[in-house]
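Colleague: Coordinates only, no sequence provided:
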């Protein structure tokens, strides 16, 4: 589906290449070249997806991601020339939905964009389902999560993982299966990516994140959602 995409990239030549490829796919692409402009534009006219370079002048991409995540859940794909795992984990912890390291092929970028857009479309109400385990409620139709009666803000990736687990309480999902269900992540960092999102979700929905009642680790396999609150597992990713 055509989407409205904001490209925040300070390399003007690279930004133009990205814009042309996106428009060739039928998307509407707007380009900005610094972090402040990216944040202002995203607030003024929220895009369907933000391609966000980490090394932006003014506000860097991580600061932009942090600020936007406090306000809205627009899907974000980070772009960076820094390949360190710490940068990847930090970007995901701040709420990025995917992370692409330069140099990358345009076709790879388009595939990531398509995957993130598909995931966002699925979790914003395609399936009119509502799941409850104890005080945790996952409402797929409304794209809402409540824990202990309070609303919980999640990123599209976090919501996709939680909705997948909530649809089959008690079923163990491998990290690879979760990646296939929610789509769009770099297979080279499969386990760490899912683990990071689960840690973030536990901070948001668990009364005691280090002693989870809902998002349980299945050792040697992956994760599951408890069938009843209080099933507990000790909490290590």
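Modeller: Perfect, thanks for sending it. It should be emphasised that the depicted structure is a prediction, and the values quoted were computed from it without experimental measurement. Residues are numbered from 1 along each chain as shown.

Colleague: which residues of the chain fall in strands?
Modeller: Secondary structure of the chain by DSSP state E: the strands cover 4-8, 28-32, 49-53, 76-80, 98-101, 130-133, 136-139, 144-147, 150-152, 173-174, 215-218, 222-225.

Colleague: Show me what the second one is in contact with.
Modeller: It refers to strand 28-32. Where contact means Cβ atoms under 8 Å, 6 or more residues apart in numbering, the residues beyond strand 28-32 that reach it are 2-9, 15-16, 18-19, 22-23, 38, 41, 47. C-betas here are computed from N, CA, C, even on glycine.

Colleague: for the protein, what are the low-confidence residue spans?
Modeller: 1, 82-89, 91, 121-128, 180-191, 229-237 (pLDDT under 70).

Colleague: Break down it into its helices, ranges please.
Modeller: In the chain, the helices defined using DSSP state H lie at 12-24, 35-44, 61-69, 85-93, 106-123, 156-166, 175-182, 190-205.

Colleague: Out of these, the one nearest residue 77 is which?
Modeller: For residue 77, the closest of the helices of the chain is helix 106-123, at 5.9 Å, according to Cβ to Cβ.

Colleague: Show me how far that closest one is from its chain's centre.
Modeller: Its chain's C-alpha centre and that of helix 106-123 lie 11 Å apart, by Cα atoms, centre = their mean, to the nearest Å.

Colleague: Contacts for that helix, please.
Modeller: The contact list for helix 106-123 (Cβ under 8 Å, 6+ apart) reads 1, 3, 5, 17-18, 21-22, 25, 27, 48-49, 51, 75, 77, 97-98, 100, 140, 143, 156-157, 159-160, 163, 182-184.

Colleague: quick one, which of the strands of the chain is packed in tightest?
Modeller: When these are scored by mean count of other Cβ atoms under 10 Å, the highest mean neighbour count falls to strand 49-53 (a mean of 26).

Colleague: elements contacting that one?
Modeller: Judged by 3 or more Cβ pairs under 8 Å, 6 or more residues apart in numbering; DSSP states H and E, the packing partners of strand 49-53 are strand 4-8, helix 35-44, helix 61-69, strand 76-80, helix 106-123.
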